[in-house]
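Novice: Quick one: sequence and predicted model below, then my questions.
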Amino acid sequence: MNAEEIQAIFFAECEESLAAAEQGLAACKAGTHDADTVNAVFRGVHSIKGGAGAFGYTALQGFTHTFETLLSDVRDGTVAITDPLVDLLLRALDTLSDHVSAARGMGDTPDDTALQVELTAAMAANAGAVADDAQAETPAAVAAGDGDSAPAASSAVDDDFGFDFDAMLDDITGAVGAGAGTAEGDEGAAGGDEQAPGDNLWLFKVRPHAGSMRNGSEPLLMLREMIALGGACIECDIDQIPPLDTLDPGTGYLGWTFGFPPEASQDSVREIFDFVGDECGIAVGEGAPMPAVQFPAPRAANPVPAAAAPAVARDEAQGVQATPATTPTAAAVPVADSAPTPPPQQQQAAVPAPPAPGQSIRIELGKLDKLIDAVGELVIAQAMMAQRLAGDGLAVTEELAVLEGLTRDIQESAMAIRAQPIGSVFSRVPRILRELTTSTGKHVRLEVSGESTELDKTVIERLGEPLTHLIRNAVDHGIECAEDRIAAGKSADGTLTLSAEHRSGRILIRIADDGRGINRERVLAKAIEKGLVAPDVQLSKEEIDALIFAPGFSTAQQISNISGRGVGMDVVRQNVKDLGGRITIESEEGKGTTFTLTLPLTLAISDGMIVNVGDQTLVVPLANVVESLRPDPKEVQGLGAARAMINVRGRFIPVVPLHLAVGARGAVERADEGVLIVVETERAGRAALLVDAICDQRQVVIKSLDTHYRSVEGVAGATILGDGRVALIVDVDGLVSRSLSGQSLAEAA
Amino acid sequence: MSTTTRILTVDDSPSMRALLNHALTTQGFDVAQAEDGIAALDWLALNEVDVVITDINMPRLDGFGLIEKLREGSRHRDRPILVLTTESSEEKKARARAAGATGWIVKPFDPQKLVAAVRRVAH
């Protein structure tokens, strides 16, 4: 794995973290600000910060640091969650999102100066309260009087030592810098500036205490590391070793004095011990005394001093029997004891673990696609075998039924791997609305349902753009400004409802606003003006509504910078259609508009009706099929030489002979001799496809013609049938509108 | 050391795990990964390890909790456990030490220092 791949993981993670944080803040905004919610927001920002530091994105890291600090205060309860605060955090999240984009090389680094000031101000506003809290807590802990109070008390003591220690170290450093002490008594070096490197050793004294031998630490390894840094052991202090019968193997009796050459940096040596905190006494310089031995406290319950080290360790860690005056930490009073404060005994109050999210692993998409491809082949192979066995009179075999069931299970599971909840798309909506509020002044409330509805990753990825555009459109054109809404007897804030649901193997996404609805008079006038329809045309409501999807249509009197970005609703419809979906509008003047997107769950498999047309077998996507019928000759009306209409329950529908469109030979030519499949199309309304017969209805694995051959108008793709033959999948929309305009597919190809 | 040092890295961030994995495997360590404290405990129940490197802030079971759980039993009482975190406050450090951590590495980590820290505790 190289650096770029790790970075890619980081950015994928950023997206997840941003989404999680956004979700958390949205919950806060809605009034849910329990510990779990706030912690989720914190963790999202925190994890971005960690990676930003590791990958060297300083701007991103700087901003996340400020953001995280404020969130940490919120999490600790020192900053109260108020509406303005949540708004500030949301804005900070937007900026963070821009920072992430900038780090990815998409867009410029945002100017966050003002925001950083605001974030800092939000912390500062509460700083006084924090200080008060801290003062209130400490005496309470000391006064508690039980075993737990001991660490708190010794903590205070050690804080003082820590302070003195630092000051003293500065003195020592100064002394060493002036050449005061040398290890081997090199007289000439003491006052001279021209010391030979290596002669002028500086001294480092260390005495590991009992603690440095527990929790997996090993002082020996630290001594070895000092040697690796160029140090040499000059003296080992063995004076403190007691007679054998009183020796406690858990106590550090030995102290070492190491000499280091000047080029060995004191910081790097200190770093070795920074690690173990106050579990090792250290001192620097010849004048500094060797840190004293920390003798274990005599234990009341067990008078034998030679208690096993682990037992002592455990008691200390849990604060069970710590006697205030004689705990090892409190008993040790060497001035040179190290600085860090001892552990406050609060680890029992562990941060409550938030509810577990589903466990997941990351898989390279290519591997998954390969699996899906293989499953597709399996489905085909299974169908081929079933067909062959049926030919041999073995159709009703139990094993075959089991295999079929398993194949379907595998296929569904494979599809489910690619499926993702649509929530990842919906979660971007709040930000879009915030931006729209800023630019239009319209406040919009968002209602979301069905976020957990799952659909194919590719569909999800390509859904973002049309959805964004529909939302911008709804706010820009649909929802009125506050005054107009109040005048119309509505609430001042608009409402946008987003929903997703499964319905008969497809997914329905609705984007509904409670705005003014489509002004059909204006739409029609505009369409006539633009020459999209004839001036005297009679159109139904639905047909007028559908005009807004016509290329080159825009009703905004002033092109706003929101919807009018050169992307029209026609592009939205095209995007949806490319996904194998449909878009429909329902609108009521004064009440609002609802856009409904109907999308397939996956792009790789679809339900199809397998039909025969002369010498060809074709697949008609079931999504387009409304009904199929065998017409009565009386219902078919000729329209000139080559055309016919069929009367379906009083409505005339054009008949499209499929054999003409695909150039099949020997097909049924009269509508009343074959089967008609009534299909719904976007551009041309309903039509009836004339075929010889319907053979089957089943799932087909779609193979793209673009990748295997080239894009052909009127053909959506191809599939392999059970008998191994290739069948074309009809692009109903393209084929019907082409046929009705007089061009056959054969000509087009 | 005759055998390869086995390390378990515990971090909820996949990119951080990948970075650690990269930094450590290139130095010849044997690296396993877990995404939080619970996953680490599950893994440790079945596998042997020489050093554990854990993040603090994680879902389900955080680093403090993980260390406490490990120190509770005798099997991991002397197992070196390094804490790797963005937190650098003395309070957090002290808390980690109280929980039983062996060492502390601040993110973003310098790969060399990380390796030095591991060698410092790998018995």
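Specialist: Ah, there it is.

Novice: So which residues of the stretch 601-749 of chain A form helices?
Specialist: Along the stretch 601-749 of chain A, counting by DSSP state H, counting those that start in this stretch, helices occupy A:658-662, A:705-708, A:732-740, A:745-748.

Novice: Is it possible to get those helices out as a markdown table so that each row also shows distance to chain B, mean neighbour count and mean pLDDT?
Specialist: No exception for glycine: its C-beta is placed from N, CA and C like everyone else's. Formatted as a markdown table, the helices of the stretch 601-749 of chain A follow (distance: least, Cβ to the nearest Cβ, whole Å; neighbours: other Cβ atoms under 10 Å in any protein chain shown; pLDDT from 0 to 100):
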| stretch | distance to chain B | mean neighbour count | mean pLDDT |
| --- | --- | --- | --- |
| helix A:658-662 | 49 | 22 | 84 |
| helix A:705-708 | 31 | 12 | 72 |
| helix A:732-740 | 42 | 22 | 82 |
| helix A:745-748 | 48 | 14 | 46 |
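
Novice: looking at those, which is closest to A:Gln382?
Specialist: Checking the helices of the stretch 601-749 of chain A against A:Gln382 by Cβ to Cβ gives helix A:705-708 as the closest, at 21.9 Å.

Novice: Quick one: residues contacting A:Cys236.
Specialist: A:Leu254, A:Gly255, A:Trp256, A:Thr257 (Cβ atoms under 8 Å, 6 or more residues apart in numbering or on different chains).

Novice: Out of those, the closest to chain B would be?
Specialist: Minimum separation from chain B among these (Cβ to the nearest Cβ) is found for A:Trp256, which lies at 16.2 Å.

Novice: Packing partners of the helix or strand hosting that closest one?
Specialist: Using DSSP states H and E, A:Trp256 falls within strand A:255-260. Contact here means 3 or more Cβ pairs under 8 Å, 6 or more residues apart in numbering or on different chains; DSSP states H and E; on that basis strand A:255-260 packs against strand A:202-208, helix A:219-228, strand A:232-237.

Novice: report the angle between the axes of it and strand A:232-237?
Specialist: Between the axes of strand A:255-260 and strand A:232-237, defined by axes from the mean of the first three to the mean of the last three Cα atoms, to 10 degrees, the angle is 160 degrees.

Novice: Would you mind writing the CA trace of strand A:255-260 as CSV?
Specialist: Taking Å, rounded to 0.1, in the frame of the first residue of the first chain, the C-alpha atoms of strand A:255-260 are listed here in CSV:
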residue,chain,number,x,y,z
GLY,A,255,20.5,4.0,40.3
TRP,A,256,22.6,4.6,37.2
THR,A,257,24.7,7.5,36.2
PHE,A,258,25.3,7.8,32.5
GLY,A,259,27.7,10.0,30.6
PHE,A,260,26.7,11.4,27.3
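
Novice: So what touches stretch A:664-675?
Specialist: Contacts for stretch A:664-675 (Cβ under 8 Å, 6+ apart): A:611, A:613-616, A:628-633, A:635-636, A:644, A:646, A:655, A:657-659, A:688, A:690-694.

Novice: 6 Å instead?
Specialist: Outside stretch A:664-675, the residues within contact range by Cβ atoms under 6 Å, 6 or more residues apart in numbering or on different chains are A:613-616, A:628, A:630-631, A:633, A:636, A:644, A:655, A:659, A:690-694.

Novice: Quick one: buried ones out of these?
Specialist: Neighbour counting over those (16 or more other Cβ atoms under 10 Å in any protein chain shown) leaves A:613-614, A:616, A:628, A:631, A:636, A:644, A:655, A:659, A:690-692, A:694 as the buried ones.
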